[in-house]
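Asks: need coordinates for the following:
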Amino acid sequence: MTVRGLENFFKLKAFTQVFTFGPTFRAENSQSRRHLAEFYMVEAEISFLESLQDLMQVMESLFKTTAMTVLSNCPKDVELCHKFLAPGQKDRLEHMLKNNFLIISYTEAVEILKQASQNFTFTPEWGADLHTEHEKYLVKHCGDIPVFVINYPLVLKPFYMRDNEDGPQHTVAAVDLLVPGVGELFGGSLREERYHLLEQQLARLGLTEAYQWYLDLRRFGSVPHGGFGMGFERYLQCILGIDNIKDVIPFPRFTHSCLL
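Replies: Residues are numbered from 1 along each chain as shown. Alright, predicted model coming up:
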């Protein structure tokens, strides 16, 4: 959860649905076609949210409604990109918009990857992160339809994601939306509002002192809630078919190139 995401939580005290849209900064030294050091992100937080299904409905609606609005208001610009930069993207985008997004669990995703005939640079294993090559394969395997991957291992996700309390597997109610050509576009989860479980998780990670203020926010109770973030430049990559994220932002800032 970013600083802006935390601001959203505070706003939930007064409003049930809040969002922000603005610059976000990435600390990792990521050198790829889908990472920037500074990018824009839509972050949303929703109160009284008790299921991933409800959260995924909001995510799918946001993607489709926004895409249809762009197609309606900027048809010539989109057509220019599809004609000269991404032939075939128009059909792929229409295919995404007219179909319901698919849902698979992280466990199912790993099994699909293990059975793939393709050789991956990173061997897929339960308990390991999904890499870009895995994400893109999963989307192709699902017929080039965006796919939600849910219920990730607890050890892979931040402390604030809601514990599924599902025994040995120990997963959290997290969800990533994978889209054609890009991989992960949305990332979200239900948030852990149960004080004792949040306290246990912070203690396990040795973060209790650093995040005492976060615990205090929930000491006297909270409501079920969840939220997500969507990278705006990756969204543009997806609907326009642009291969490199640096080509969808006017002044790209990436590692070792962050000039004002």
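Asks: residue nearest the centroid of the protein?
Replies: In the chain, the residue lying closest to the centroid (CA atoms, centre = their mean) is Gly187, at 1.8 Å.
Asks: quick one: contacts for it?
Replies: For Gly187, the contact set (CB atoms under 8 Å, 6 or more residues apart in numbering) comprises 174-177, 228-229. From N, CA and C alone the C-beta is placed, and that goes for glycine too.
Asks: and Glu233, by the same measure?
Replies: The neighbourhood of Glu233, defined by CB under 8 Å, 6+ apart, consists of 36, 39-40, 245, 248-249.
Asks: could I get the full set of helices for the stretch 151-260 of the chain?
Replies: Counting by DSSP state H, counting those that start in this stretch, the stretch 151-260 of the chain has helices at residues 195-205, 212-218, 232-240.
Asks: of these, which is nearest Val78?
Replies: Val78 sits nearest to helix 232-240 of all those, at 6.7 Å, using CB to CB.
Asks: which element is the nearest residue to Lys114 once chain neighbours are set aside on?
Replies: Sequence neighbours aside, Pro124 is the residue nearest to Lys114 in space, at 5.7 Å (criterion: CB to CB, 6 or more residues apart in numbering). Assigned by DSSP states H and E, Pro124 falls within no helix or strand.
Asks: wait, Pro124 touches Gln115, no?
Replies: No - using CB atoms under 8 Å, Pro124 is not in contact with Gln115, being 9.7 Å away.
Asks: of these two, who's got more company?
Replies: Ranked by neighbour count (other CB atoms under 10 Å), Pro124 and Gln115 place Pro124 first, with 21 against 9.
Asks: how close does the more buried one sit to Ala67?
Replies: Pro124 sits 30 Å away from Ala67, going by CB to CB, to the nearest Å.
Asks: quick one, what contacts the residue nearest to Lys114?
Replies: Counted by CB under 8 Å, 6+ apart, Pro124 has contacts 110, 113-114, 130, 134.
Asks: kindly report the same for Leu62.
Replies: 42, 44, 230.
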